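In: Quick check, what structure comes out for this input:
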Amino acid sequence: QVQLVESGGGLVQAGGSLTLSCEGSGGISEYAVGWFRQAPGKERECVAAIGWNIKKYYLDSVKERFTISRDNVKNTVSLRMNNLKPEDTAIYYCAADMSRWRLVVPTRLDEYGHWGQGTQVTVSS
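Out: Residues are numbered from 1 along each chain as shown. Sure thing, here's the model as predicted:
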């Protein structure tokens, strides 16, 4: 059973940086892992995802600012967020694919079957 725990959220000024970490127990190297966010009153959206094959996906609004990476030895997936904007304020969740060895990086909520508890990111203007 895959269990995920996020860390690294916090309060930062616009233009600042944060790194979120997602640690998986039960082994996640064969799963795609995504980072999602949900702002108040908005739907949860995938901001970045990385496949078991290191293929990556980024939401257009975070390209050139966010970088996703994984360490399969440590069972962690990180999201480095640079040049943060107030509109990046949200609860950030990591999630693992419900299927192993998927060839295409999943981006839909219903493709993910394991979720962390979330970590708050607040960007002040």
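In: Any idea what Gly24 is bridged to?
Out: Partner residues in beta bridges with Gly24, using DSSP bridges, are Leu4.
In: Spell out which residues sit in contact with it, please.
Out: Taking Cβ atoms under 8 Å, 6 or more residues apart in numbering, we find Gly24 in contact with Val2, Gln3, Leu4, Tyr31, Val33, Asn75, Thr76, Val77, Ala96. All C-beta atoms are positioned from the backbone trio N, CA, C, and that covers glycine.
In: okay, who's weakest in those residues by pLDDT?
Out: On pLDDT alone, Val2 ranks lowest of the contacts of Gly24, at 91.
In: contacting residues for that one?
Out: Counting by Cβ under 8 Å, 6+ apart, the residues that Val2 touches are Gly24, Ser25, Gly26, Gly27, Ile28, Tyr31, Ala96, His114.
In: Mind checking which of the contacts of Gly24 are in strands?
Out: Gln3, Leu4, Tyr31, Val33, Thr76, Val77, Ala96 (DSSP state E).
In: Which ChimeraX command selects the buried ones in these?
Out: Per 16 or more other Cβ atoms under 10 Å, the buried members of these correspond to this ChimeraX selection:
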select :4,31,33,76,77,96
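In: just checking, Asp97 touches Asp110?
Out: No: using Cβ atoms under 8 Å as the test, Asp97 is too far from Asp110 to be in contact (11.0 Å).
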